[in-house]
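Asker: sequence first, predicted coordinates after that:
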Amino acid sequence: MAGFFSRIGNLWRGFVSLWLRDIEVKHPEIAYENAINGMIEKYTSLKKATAGIIRRREEIESRLAAAKTELEQVTADLNTAVETNQQDLGMVLIQKQAQLQKDVTELGNEMTVAASDAESAKASLVQVQSEIKKLKAEKDNMLAKMASAQARLRIQEQLDGLSVDAEVKALDNVREHIKTTVAAANLGKELGESDLDNRLKALRAKTGDVTSKQQWEQMQQAAAARKASQKTM
């Protein structure tokens, strides 16, 4: 049963992860803000840790300085005890001097490590701080590029919307209508030329011309005959 709920939990986390990733892809400013906030949180934690390391270094430095000062004093006291021949006090001072020399050596080693740790922590802190600045600059740059690309896409969509295809298609329809009208007019003319009534009218016109011509010729022949008869008389 525990394994089942574990699998359900993993599945749910997977869905949430995919959902968040989809949101971040569509809204890159959110992704950058999340990354920057995460870096700031790390910077804050590292800053606290660095402050603790530096405080420890300062404490060791203070203890080392105190141990060195006390060693100098004990050494001076030991020299005075030797000069004044105070053996019992000198024996105590020798032991104390040895212990202080040991403490100074150990504190010196600790101081070296603490100083190295502090420098390393400060370097890491500076690096994280630099990464945050770089990330913020990258965010501004990338979001500016994104805004520019989106503006270009909107302009392109507007230009696509201003396509002359519709206008050209409308003109094509007009052209086709004009051609159809002209063809219809031509067809009417052609039909008119082939119409029987029109052909009959043309034929009668020609017949009239022929009849008139024949009549004219008959009249000329009659006139010529009269002239000829008058001469014979």
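Answerer: Happy to help now that I have it.

Asker: list the helices and strands the helix ranked longest in the chain packs on?
Answerer: The longest helix of the chain (DSSP state H) is helix 87-161. Here helix 87-161 touches helix 28-83, going by 3 or more CB pairs under 8 Å, 6 or more residues apart in numbering; DSSP states H and E. C-beta here means a position set from N, CA and C on the backbone, and glycine is covered the same way.

Asker: just want the angle from the helix it packs on to helix 87-161.
Answerer: For helix 28-83 against helix 87-161, the angle by axes from the mean of the first three to the mean of the last three CA atoms, to 10 degrees is 170 degrees.

Asker: and residue 85, which of the three is it?
Answerer: When classified by DSSP: H, G, I helix; E, B strand; the rest coil, residue 85 comes out as coil.

Asker: check contacts around it.
Answerer: Under the criterion of CB atoms under 8 Å, 6 or more residues apart in numbering, residue 85 has no neighbours.

Asker: residue 47 too?
Answerer: Going by CB under 8 Å, 6+ apart, residue 47 touches residue 125.

Asker: any idea how far residue 97 lies from residue 175?
Answerer: Distance, residue 97 to residue 175, using CB to CB, to the nearest Å: 117 Å.

Asker: repeat for residue 57
Answerer: To residue 175, residue 57 is 91 Å away according to CB to CB.

Asker: out of residue 97 and residue 175, which sits in the busier spot?
Answerer: When residue 97 and residue 175 are compared on other CB atoms under 10 Å, the one with more neighbours turns out to be residue 97, at 17 against 10.

Asker: contacts only, for the spatially closest residue to that one that is not a sequence neighbour.
Answerer: Leaving aside its chain neighbours, residue 97 sits nearest to residue 74 (4.9 Å; criterion: CB to CB, 6 or more residues apart in numbering). By CB under 8 Å, 6+ apart, the residues touching residue 74 are 93, 96, 97, 100.

Asker: just among the residues you listed, which is most surrounded?
Answerer: residue 93 (21 neighbours).

Asker: so what's the residue count around the closest residue to it other than its chain neighbours?
Answerer: Of all residues not flanking residue 93 in the chain, residue 78 sits nearest, at 4.2 Å (CB to CB, 6+ apart). Residue 78 has 19 neighbours, counted by other CB under 10 Å.

Asker: residue 78 reaches residue 100, doesn't it?
Answerer: No - counting by CB atoms under 8 Å, residue 78 stays clear of residue 100, with 10.7 Å between them.

Asker: and residue 123, how far from residue 129?
Answerer: To residue 129, residue 123 is 11 Å away according to CB to CB.

Asker: hang on, I meant residue 74
Answerer: 45 Å.

Asker: residue 123 and residue 129: which is more packed in?
Answerer: Counted by other CB under 10 Å, residue 123 and residue 129 do not tie: residue 129 has more neighbours, with 15 against 11.

Asker: thinking the more buried one is in contact with residue 42, fair?
Answerer: No - using CB under 8 Å, residue 129 is not in contact with residue 42, being 10.5 Å away.
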